[in-house]
Structures are given as structure tokens and as C-alpha cells.
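# give me a 3D structure for the following:
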Amino acid sequence: MTAFLEKLNSYVWSSGLIFLLITTGIIYTVKLRFVQFRIIPFFRKNPPDRKQFRTVCMALGTAMGTGNITGVTSAIATGGAGAVFWMWISAFFGMALVYAENTLSMMYSTEDLKGPMAYLRKGLGSPELAVIFAVFCVMACIGMGGMVQVNTFSDSLGTLYINRYVIALSAFILIYLVTSGGAERIGNTAQLLLPVVSVAYMALCIAVLCVFRKRIPSAFAEIFGQAFGIRQFAGGVSGYALSRTVSAGIRRGIFSNEAGLGSSPILHSSAENTAPEVQSMWSMSEVFFDTVICCTLTALTVICTGTFSIQNAFSIVTGEFSVPFLAVSMAVFAFCTVIGWYYCGESAFTYLTGGRYKKFFCVVFAILASSGAVLTMRTVWTLSDIFNGLMAFPNLTGLVLLMNKVRIKANK
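Residues are numbered from 1 along each chain as shown. Sure, this is the predicted structure:
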């Protein structure tokens, strides 16, 4: 069974899906007149308020994860330093994808119908595709967004010799307490945790780079010099398209930003400001921050220090403190991913059940997610990867067939 699932996973996450994601991003980039370059002028005129920042943190929490730490090193190990260049390129086109996703979502979403499910059903007129997406989303939420993430921070906290059953019980309590409060409590929690840990992580990367500042120019030269090799290209594109990268490899979780998979528009549908351009612009900024800033800092840190272990790189500055710091950081990143993904899964579950059994779903999710701390996860990892990738197919169908709607809305 495991061999069959891994083969199926390789088909789902094939070069065909990568090609579809990047090609659709390129087409949207051209049709929207390189909308990526409108970010800075837009934010100068529209500074964020507290409620918008809460939405951003909730959405960013599903993308900013353990993959930003271990995923980058895996991509570099697979494709060389040139992989980083292709992450930048794919992130650039991914920004156009999330702009399109969120524009369509804001156009069609209602209180009980959100994200791709809204524009597939109401915009495209295909309730069948909406149901298919919702099923894949619920499964990905429980697996990739729940059990896998808890397993990851259980492994991290295990380095501090914390019992896994204690972690499982604590995870159940925390997940239930946060998710039972809905989007507002999820957003507030992410707003409290994510900025602090992200800033601390990036600050430590910068501290290491200050020590190795003379190597930074050669690191960039290495990135650009290796960018067009076949091995480097393969590593870079895989690092972007397979998104969910964690310690088991590039295809094991969120690596960059999930552009094109459909999670971002669900999360942004919880925002109070429903103007399509506002949410679309913010979603692009999340891709930029996640991949271009955070992943680049990680990449430069490991390249300049000559190690594929971010822990070893940090130990140059912090010594033995790097172990507990990374353990806590990865735990927080993973927890933010869990609660953000819960909202995606709950929205999909609400659509499938007509709004019934929300409390039931909350309890079941907390139980299943926390079980990831004590279970052997190989099969769950593979299944989760499959459902995460399958979300892209109905979503990309909607993005392609509703392309004219996005163009009209974006250019108003």
C-alpha cells in the first residue's frame, strides 16, 4: 500500500502540475500587466489596520512554516545554490496566482461559501468541482495541516526530551481552545505568535550573515551562476511547487507559499474588508515575505556558512542555544500552520454539510491532529501530500476558465 501511495503521489506532484501552476502564473502576470510591481505603491496608499493584520497573520501562518527552515536546505541539497533563483522566479509568478485566487474569492464568497468553493460553484457554475475541492481540502486539512504539523513539532520538542504523550495532550488542548473560537481567535493567536517568532528567526539569520558578511557577494554569485543548470533548475522548481516541505524532504510539506492550491482565498475570505484588490494585494505580500524574504535569508545563511543544517549555522552565533531556539520556533510555526489550516478545513466541511456539525468537526480535528505526536507518519505524510496536490486541479480549472473575470476586476 505504501509503495502504491508513493507512486500515486509522484503522479499527482508530477512535472505536469508544476507546469500548470507556473504557466497559469505566467499568463496571469501578463494579463494583469505585472501586477506584482503594484505592491509598494498600493501599501503606501493603504496602510494596514489591526484587523487586516490579523487576517494576514492567519494566512501567513499556513505558509510560514517548518518548510522555510528545513525545506530551503533540502532544495539547495537537491538542486544546488541555483535552486534559490528558481524559487524567486516561481514565487514571482505565484504572486499573480494568489492575486487571481483572492480576487475571485472576494467576488463570489459569502458567509457560508468561501474561497475556491465560491467561485467554482457561483462563478464557474460547477457545484461538482466545488464539492471535489472541498473533499480534498478537508482531507489535506486533517493530514497535512493537522497530523503532519503536530508530528513535526513533536519531533522538534523531542530534542528537549519532552514526552510525546505530553505533547499530544497539550496539542489537543491548545488546538481545541484556539480553533473553537473561530476565525477571530485563530487570527488573534497567529497575530500574537507569528510576528515574534518570525522576527526572532530572521534576526538570527541576519546575525549569522553579519559574521559571514564577506561571503554574501559570493553566495549571490553562486546562486546566479548555478541557476541555469539542469540539477539546480529541478531543485528550485520542486521547492516552490511542492510547497509543503519539511524534514522528510522537499515534498513533505509547505515549502513556500501554496500559491494556486486554494488555501489563501479561503483564509482571506474571513477578512472584514472584502474589497478584492485589498485582499489580493495582501495575499501577494505574503508570498513575497514567505519565499523571497524568509526563504532567502535561510538560503544565504546555509550557503555562507557552508552547512546544510540551519541549526549548525545558528550555533556559530548562539552556541548550544540554537537547539532550544529552533525547537520552539518550529513548534510555533507548525502550530500556526495547524490553526490556519483548520479554518480552511472547517470552511470546506461547512460547505459539504450545509453548516452542520461544526463543533463535531472541531473536536475530531483536535483529536486527529494531536494524534500526530505519537503515530508513525509515513503513510499519513504521503496521503496528505496527495490531497494537498489534488486541491490544485479544480482550483486551477476555475482560475483558467474565469480568467476574464479577474482581468476585468483587476483593471477597474
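
# what ranges does the stretch 201-350 of the chain have for its helices?
Along the stretch 201-350 of the chain, the segments classed as helices by DSSP state H, counting those that start in this stretch run 216-225, 230-241, 263-268, 276-287, 296-305, 310-318, 322-353.

# where's Leu169 relative to Ala59, distance?
Going from Leu169 to Ala59 by Cβ to Cβ, to the nearest Å gives 29 Å. Bear in mind the C-beta positions are built from the backbone N, C-alpha and C, glycine included.

# same question but for Leu129, I mixed them up
Applying Cβ to Cβ, the value for Leu129 to Ala59 is 23 Å.

# more neighbours: these two, which one.
Ala59 (32 against 21; other Cβ atoms under 10 Å).

# that one against Gly340, yeah?
Yes. Contact status for Ala59 versus Gly340: in contact at 6.8 Å, counting by Cβ atoms under 8 Å.

# what touches both of those two?
Listed as contacting both Ala59 and Gly340 by Cβ atoms under 8 Å, 6 or more residues apart in numbering are Leu267.

# check this structure and tell me which residue is nearest its centre.
The centre of the chain sits closest to Ala63, judged by Cα atoms, centre = their mean, with a distance of 2.4 Å.

# test my guess that it contacts Cys294.
No. Look at Ala63 against Cys294 with Cβ under 8 Å: they stay out of range, at 9.4 Å.

# check the gap between the closest residue to Leu267 other than its chain neighbours and Ser10 for me.
In space, Leu267 comes closest to Ala59 once its chain neighbours are excluded; the distance is 4.0 Å by Cβ to Cβ, 6 or more residues apart in numbering. If you measure Ala59 against Ser10 using Cβ to Cβ, the figure is 29 Å.

# figure out which of the helices of the stretch 201-350 of the chain is closest to Ala183.
helix 322-353 (5.9 Å; Cβ to Cβ).

# and the angle from the helix or strand following the closest one to helix 322-353?
Remark: after helix 322-353, the chain's next helix or strand is helix 358-371, criterion DSSP states H and E. Counting by axes from the mean of the first three to the mean of the last three Cα atoms, to 10 degrees, helix 358-371 points 150 degrees away from the direction of helix 322-353.

# what does helix 358-371 rub up against?
Taking contacts as Cβ under 8 Å, 6+ apart, the residues outside helix 358-371 that touch it are 141-142, 145-147, 149-150, 168-169, 171-172, 175-176, 179-180, 338, 342, 345-346, 349-350.

# pLDDT (mean, whole number) over that helix?
Helix 358-371 comes out with an average pLDDT of 91.

# and Thr78, how many neighbours does it have?
Other residues close to Thr78 by other Cβ under 10 Å number 17.

# distance-wise, check it relative to Met87.
Counting by Cβ to Cβ - Thr78 and Met87 are separated by 12 Å.

# now do the buried residues in whichever strand or helix holds Phe4.
Counting by DSSP H and E, the element that carries Phe4 is helix 2-12. By neighbour count with 16 or more other Cβ atoms under 10 Å, helix 2-12 contains the buried residues 5-6, 9, 12.

# report all helices and strands that that helix contacts.
helix 378-390 (3 or more Cβ pairs under 8 Å, 6 or more residues apart in numbering; DSSP states H and E).

# and the angle for the helix it packs on with helix 358-371?
With the same axes, to 10 degrees defining the directions, helix 378-390 sits at 130 degrees from helix 358-371.
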